[in-house]
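**Q** need coordinates for the following:
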Amino acid sequence: MLPTVMFLMAALTSSSGFAANPAEPLPEQISGCPDCVPTECQPEVCDGIDNDCDGIIDEGVQRTLYRDADRDGYGAGAATQRCLGPGWVTNNLDCNDSNVAVWQFGRFYRDADGDGYGAPNNWVDICGRPAGYVTDATDCNDNSSAVKPGALKQCGVGACSASVQACVNGVEQTCTPSTPSQEVCDRVDNNCNGQVDDLPPITCGTGACFRSVPACTNLCELVDTRDGKPPKEVCEWAGNTCFEGTPSTETCNNVDDNCNGSVDEGVKLTYYRDGDGDGDGAGPSIGSACSVPAGASLNNQDCNDSNAQVKPGAVKKCGVGTCEASVQACVNGVEQACIPKPPQAETCDRKDNDCNGVVDDVPPITCGLGICMRSAPACGEQCETVEVEDGKPPKVVCEWGNYGLCTPGPESKELCANGLDDDCNGYADDASDPKDWITFYPDQDHDGSGVSWGSVLTCQQPPNTTRVAGDCDDTRSDIRPSVAETCDGIDNNCSGEVDESSVCEQSVCQ
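**A** Reported below is the predicted structural model:
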């Protein structure tokens, strides 16, 4: 019965194609086993046993098989004749016998944008799907993940917004926005610029009457519901209406108060240049405004716009003392000249008659001669007692005039050679008593010492003389008494000796 059982097992294995444990030995590995010799002959089956007892194992029953290394049911490689067993199959359809998930060649399409759809014109035939490739070939733009079958293209804004299927029959479609229209107040972006109801404000009026309101607004009204309830407010979004302001009297404020298009007409101040800042201008008008700017005046009556002291109403003054005069600075827009009065001889009247800025500067009066000469102011007061004839004591009345009083000084004895008129007779050094006279010695070299010869006894010192005698050489100012003696063979100090006191010896030693 053993051969029969072995045949049934081989038949089941062959028909099912299921592989057993790959560690199990192959049929040929057990061929020739002493214990496997059949006890009776049976028809030959592919089981590694000589079933028909003809001395040949599995003759006529082996099949053409292929190696199935990844056990996915698909084989690969060269064909071999053998019994069907685990790891072997009857086909060689596997293109990758090392990956159980991959067994056959396929066509895969490039999906560059990663949207799950490939480009129909970019494909590869390969065993197994590579990364970046898909089996779907319906993408119409593989550079944009937003463009793929089933996706919508959108374009335009506002009322121009449109959409289209991105891919139709494998062809990318163009999205064309709708045509814009003029913007109106309808809460829609009619002109397709991305802004709803962006109409410019409505303006009306001019000047102070100018008004500006939004172009769109809610127009509301109360509507009677006729159901016994209060009326309700119903609003509609629509175009707005502008109402200009009310005009007023024109004033000078840089505003068109009366709303006639002109600003400050008829109320501006006309002004003129005021170069010297005295409040009065000159020349033609330099402008008009609501206020007078710095450096300008409301009038042009100044006759000298470079001198603030000369202006209408001002008085020019000139001269001093009794010469002082005055004149209106401007007369009929013309500057006037101020001419001082002529000066007079100064007199004692408490006035500056000669117009030199000093009052009563009459030269002082003098009296006496020589050292007796004195001076005194020419002007003074002369007073006297006057009876008032009203029973009251007399009063002193004084008058200012040429009443200066001069008193000469006391005279003294005339002295000689002092250049003074001591006795006040009008002559200096004119003593008549020879006992008062002085001896003067010629001093031609003006060294302060004179020679003894040619002396003169007189009261008034003659020219080129001195009171000191003793000079021994009146032609040299470096030779005179009191001069230090030097070793030069000359009597330097007029002692009557030459080079005395061993000056020469001292000179040699030095």
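**Q** isn't Ala162 up against Gln173?
**A** No. Counting by Cβ atoms under 8 Å, Ala162 sits too far from Gln173 to count as a contact (11.1 Å). In short, each C-beta sits where N, CA and C put it, glycine included.
**Q** these two: which has the busier surroundings?
**A** Gln173 (16 against 12; other Cβ atoms under 10 Å).
**Q** what residues are up against the nearest residue in space to the more buried one that is not next to it in sequence?
**A** Nearest residue to Gln173, sequence neighbours excluded (Cβ to Cβ, 6 or more residues apart in numbering): Val164, at 4.8 Å. Contact partners of Val164, counting by Cβ atoms under 8 Å, 6 or more residues apart in numbering, are 152-153, 173-175.
**Q** then Val468?
**A** 441, 448-450, 481.
**Q** tell me which of the contacts of Val164 is nearest to Tyr109?
**A** Tyr109 has its nearest neighbour among the contacts of Val164 in Gln173, at 20.3 Å by Cβ to Cβ.
**Q** what segments of the stretch 1-150 of the chain are strands?
**A** 63-67, 76-82, 88-89, 105-110, 123-127, 133-134 (DSSP state E, counting those that start in this stretch).
**Q** distance between the longest one and the chain's centre?
**A** The one in question is strand 76-82. The chain centroid and the centroid of strand 76-82 are separated by 93 Å under Cα atoms, centre = their mean, to the nearest Å.
**Q** looking at it, Arg63 is touching Thr90, isn't it?
**A** Yes. Using Cβ under 8 Å, Arg63 is in contact with Thr90, at 6.6 Å.
**Q** which neighbours do these two share?
**A** Leu84.
**Q** and the closest residue to Asp97 other than its chain neighbours, how far from Gly85?
**A** Leaving aside its sequence neighbours, Asp97 sits nearest to Ala76 (Cβ to Cβ, 6+ apart; 4.0 Å). Distance, Ala76 to Gly85, by Cβ to Cβ, to the nearest Å: 17 Å.
**Q** repeat that for Val310.
**A** In terms of Cβ to Cβ, Val310 sits 140 Å off from Gly85.
**Q** my read: Gly357 touches Gly321, true?
**A** Yes. At 7.0 Å, Gly357 counts as touching Gly321 under the criterion of Cβ under 8 Å.
**Q** quick one, which of the two is more surrounded?
**A** Gly321 (19 against 9).
**Q** who's in contact with the residue nearest to the more buried one when sequence neighbours are not counted?
**A** Using Cβ to Cβ, 6+ apart and skipping residues adjacent in sequence, the residue nearest Gly321 is Asp352, 2.6 Å away. Residues near Asp352 by Cβ under 8 Å, 6+ apart: 320-323, 346, 358-361.
**Q** and the two most separated of those residues?
**A** Pairwise across the contacts of Asp352, and taking Cβ to Cβ, the largest span is found between Cys323 and Asp360, at 15.2 Å.
**Q** how near is the closest residue to Asp499 other than its chain neighbours to Cys504?
**A** In space, and not counting its chain neighbours, Asp499 is closest to Cys487: 5.3 Å by Cβ to Cβ, 6+ apart. Computed as Cβ to Cβ, the Cys487 to Cys504 distance reads 4 Å.
**Q** what does Ser262 give?
**A** For Ser262, the distance to Cys504 - Cβ to Cβ - is 120 Å.
**Q** more crowded one of these two?
**A** The neighbour count for Ser262 versus Cys504, taken as other Cβ under 10 Å, is higher for Cys504 (16 against 12).
**Q** make sure that one is indeed in a helix.
**A** Yes. Membership of Cys504 in a helix is supported by DSSP: H, G, I helix; E, B strand; the rest coil.
**Q** what residues are up against it?
**A** If you count contacts by Cβ under 8 Å, 6+ apart, then Cys504 has Cys487 around it.
**Q** so what's the residue count around the residue nearest to Asp499?
**A** Neighbours around Cys487, by other Cβ under 10 Å: 16.
**Q** how far away is the residue nearest the centre of the chain from Asp274?
**A** Among the residues of the chain, the one closest to the centroid is Ala294, at 28.4 Å (Cα atoms, centre = their mean). According to Cβ to Cβ, Ala294 and Asp274 sit 9 Å apart.
**Q** list the contacts of Thr458.
**A** With Cβ under 8 Å, 6+ apart, Thr458 has these contacts: 416, 437-438, 440.
**Q** give me the buried entries from the residues you listed.
**A** 416, 437-438, 440 (16 or more other Cβ atoms under 10 Å).
**Q** would you list those in a markdown table and tack on pLDDT, distance to Ser306 and secondary structure?
**A** What follows is the buried ones among the contacts of Thr458, written out as a markdown table (pLDDT from 0 to 100; distance: Cβ to Cβ, whole Å; DSSP: H, G, I helix; E, B strand; the rest coil):
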| residue | pLDDT | distance to Ser306 | secondary structure |
| --- | --- | --- | --- |
| Cys416 | 93 | 71 | coil |
| Trp437 | 94 | 76 | coil |
| Ile438 | 92 | 73 | strand |
| Phe440 | 94 | 72 | strand |
